[in-house]
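Q: pasting the structure only:
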């Protein structure tokens, strides 16, 4: 009979993980947009403007950075939350399988 080390697994708190992922992604979009707005120039952030495909109402302006903040938070929260749920479910099934 094999005796292995006892397994201790940390379960992730999905709401906290979602909140952190949402805030980080929202701040990245907000800061990146405002850096380009402050930098200025004839054409401001053509690549970042492509985010409007995923964030309705987003533009590379200060007001657009607020819209982008909200959308990025929403997507980041959803991603962080779902990853935590998936992780917890996998860990739970693996721990049950081991006894």
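A: Great, that's in hand. Please read these numbers as outputs of a predicted model, since none were measured by experiment.
Q: Every contact and neighbour count from this point should use C-alpha atoms.
A: Will do.
Q: If you count neighbours, what's buried in stretch 26-41?
A: Buried residues in stretch 26-41, counted by 16 or more other CA atoms under 10 Å: 26-27, 29-30, 33-34, 36-37.
Q: let me fix that: stretch 46-57
A: Buried residues in stretch 46-57 (16+ other CA under 10 Å): 49, 51, 55.
Q: Who are the contact partners of the residue nearest to the spatial centre of the chain?
A: Taking CA atoms, centre = their mean, the centroid of the chain lies closest to residue 76, which sits 2.7 Å from it. By CA atoms under 8 Å, 6 or more residues apart in numbering, residue 76 lies in contact with 18-19, 21-26.
Q: Try it again at 6 Å.
A: 21-22, 25 (CA atoms under 6 Å, 6 or more residues apart in numbering).
Q: still on that earlier bit, quick check: of the buried residues of stretch 26-41, which lies closest to residue 67?
A: Nearest to residue 67 out of those is residue 30 (CA to CA; 8.8 Å).
Q: ok, the closest one touching residue 64?
A: No: when contacts are counted by CA atoms under 6 Å, residue 30 is not listed as touching residue 64 (8.7 Å).
Q: Flag the shaky bits of the chain, pLDDT-wise.
A: Flagging of the chain using pLDDT under 70 yields the residue ranges 1-8, 99.
Q: ok so, going back, any chance of TSV for the buried residues of stretch 46-57, columns distance to residue 68 and secondary structure?
A: Formatted as TSV, the buried residues of stretch 46-57 follow (distance: CA to CA, whole Å; DSSP: H, G, I helix; E, B strand; the rest coil):
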residue	distance to residue 68	secondary structure
49	10	helix
51	8	helix
55	6	coil
